[in-house]
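1. everything below, folded, please.
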Amino acid sequence: MASTNASVVFSGSKAVTSHEEEHPVKAFGWAARDNSGHLSPFNFSRRSTGEEDVRLKVLYCGICHTDLHSSKNEWGSASYPLVPGHEVVGTVTEVGSKVKKFKVGDKVGVGCLVGACHSCDDCSHDLENYCPKLILTYGSLYHDGTMTYGGYSDTMVANERYVIRIPDNMPLDKGAPLLCAGITVYSPLKYYGLNEPGMHIGIVGLGGLGHIAVKFAKAFGCKVTVISTSPAKKKEAIEHLGADMFLVSRDEQQMQAEMGTMDGIIDTVSAIHPLLPLIGLLKSQGKLVMLGAPDQPLELPAFPLILGRKTVGGSLTGGLKETQEMIDFAAKHDIKSDIEVISMDYINTAMERLAKGDVRYRFVIDIGNTLAASKP
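-> Below you'll find the predicted structure:
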């Protein structure tokens, strides 16, 4: 790999522009260079502000489990150097001549995606997140053929379609994780009709996604039961997050007592776990929605689905229109992520802790106050 400090390197007889010289706007962030996942300071560049672009000064960026997986190339699709971060918030510093929705000084965010084809059926229905030509906020090739870099950096630029307005009463640090974790749970609750007052909703796993799912389901007026392998989380779930009930999934007696009582279950767990007990908790025509992505196939028995006309589905983040709707709803109902704010130079320790589940419930990097100090 070429040094990040050289302006031009040579591959055979062909000159290749370095990351610093690829675009006109200088940028600084932290990047992973290989599948060790170790992040370190990285000088690179961003494109100039196009006529439909919004440029922002990054102030905070949440750390998603996807950042950990991607940095280590655990899904086999990483391109290095990789600058993670798709829970990005800050303030607008420049707008293009055709930008209509934003002005300099606005509080804004960028979530999981920065581009799509805008011509397919999904895009026409505001489902850019399912576009076959989806461009992710980091680790994807942009329309100009260059790599996208995420929010572990001082500045970002995105087409205004992919920029979210952050309500004035939403704190930027606690609002950042909503751009991934928030929309990831809000979208399936809405799509699968699990947002009706009085419904009984189960939330499997009380982590970055799960704690936000509890808050949204309660705001919709649902009865909420947290389902976890850890009895120690009961007090937190009920007293702090407002859940109505708590089930220890390994306690057969507890699980048996709640069989057939839930309208829907949001399963946020990425580890291998049995689905049959969860399906048993559902009422007839109940829905089990998978948000976690275990690295091995899960066993899915057909008979319990057939006999109760039950559904197992999935969901992946949300489109931009729905993401804006979600953040506005969150601000109205005082829904914020529970976070631990860290400095940029703590990132590798934070990743180690995240891998062990040692965070309540989302790390957020204070980019605005700590990134510059991490320059070599």
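2. ends of stretch 276-292, what's the gap?
-> 16 Å (CA to CA, to the nearest Å).
3. er, stretch 68-80 actually
-> Chord length of stretch 68-80, first to last residue, is 14 Å (CA to CA).
4. what are the buried residues along that stretch?
-> Within stretch 68-80, the residues scored as buried using 16 or more other CB atoms under 10 Å are 68-73, 78. All C-beta atoms are positioned from the backbone trio N, CA, C, and that covers glycine.
5. now, which of these lie within helices?
-> Filtering the buried residues of stretch 68-80 for membership in helices, criterion DSSP state H, returns 68-71.
6. can you give me the distance of residue 221 to residue 203?
-> To residue 203, residue 221 is 15 Å away according to CB to CB, to the nearest Å.
7. that older thread, residue 272: which of the ones in helices among the buried residues of stretch 68-80 is nearest?
-> Nearest to residue 272 out of these is residue 69 (CB to CB; 15.6 Å).
8. where does this protein have its least confident helix or strand?
-> strand 8-11 (a mean of 39; mean pLDDT, DSSP states H and E).
9. residue 185: how many residues sit nearby?
-> By the measure other CB atoms under 10 Å, the count of residues near residue 185 is 28.
10. what are the boundaries of the strands in the stretch 151-300 of the chain?
-> All strands of the stretch 151-300 of the chain, identified by DSSP state E, counting those that start in this stretch, fall at 155-159, 164-165, 200-204, 223-228, 245-248, 262-267, 282-290.
11. ranking these by mean neighbour count, which comes first?
-> strand 200-204 (a mean of 27; mean count of other CB atoms under 10 Å).
12. show me what it is packed up against.
-> Contact partners of strand 200-204 among helices and strands, from 3 or more CB pairs under 8 Å, 6 or more residues apart in numbering; DSSP states H and E: helix 208-219, strand 223-228, strand 262-267, helix 276-281.
13. need the contact list for the most centrally placed residue in the chain.
-> With distances taken as CA atoms, centre = their mean, the residue of the chain nearest its centroid is residue 180 (2.5 Å). Applying CB atoms under 8 Å, 6 or more residues apart in numbering, we find residue 180 in contact with 62, 64, 66, 86-87, 111-112, 317.
14. tabulate these (CSV), appending neighbour count.
-> Below are the contacts of residue 180 laid out as CSV (neighbours: other CB atoms under 10 Å):
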residue, neighbour count
62, 30
64, 25
66, 21
86, 27
87, 33
111, 30
112, 25
317, 23
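15. just the ones of those in strands?
-> residue 62 (DSSP state E).
16. farthest-apart pair in the contacts of residue 180, please.
-> The most distant members of the contacts of residue 180, if one measures by CB to CB, are 62 and 317, lying 13.5 Å apart.
17. possible to save the helices and strands packed on strand 200-204 as JSON lines with mean pLDDT and distance to residue 124?
-> Shown next, in JSON lines, are those (pLDDT from 0 to 100; distance: least, CB to CB, whole Å):
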{"stretch": "helix 208-219", "mean pLDDT": "98", "distance to residue 124": "27"}
{"stretch": "strand 223-228", "mean pLDDT": "98", "distance to residue 124": "34"}
{"stretch": "strand 262-267", "mean pLDDT": "98", "distance to residue 124": "27"}
{"stretch": "helix 276-281", "mean pLDDT": "98", "distance to residue 124": "34"}
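18. and of these, who's closest to residue 156?
-> Nearest to residue 156 among these is helix 208-219; the distance by CB to CB comes to 21.7 Å.
19. by contact count, what packs against the closest one?
-> Looks like helix 208-219 contacts helix 181-191, strand 200-204, strand 223-228, strand 262-267, helix 320-332 (3+ CB pairs under 8 Å, 6+ apart).
20. which one of the ones you listed lies closest to residue 352?
-> helix 181-191 (20.1 Å).
21. quick one: the closest one to helix 320-332, angle?
-> 100 degrees (axes from the mean of the first three to the mean of the last three CA atoms, to 10 degrees).
22. buried residues in helix 181-191?
-> So for helix 181-191, counting by 16+ other CB under 10 Å, buried means 181-190.
23. count of residues packed around residue 135?
-> 19.
24. how about the one 5 residues further on?
-> Other residues within reach of residue 140 by the criterion other CB under 10 Å amount to 16.
25. ok, and the closest non-adjacent residue to it?
-> Using CB to CB, 6 or more residues apart in numbering and skipping the chain neighbours, the partner closest in space to residue 140 is residue 148 (4.9 Å).
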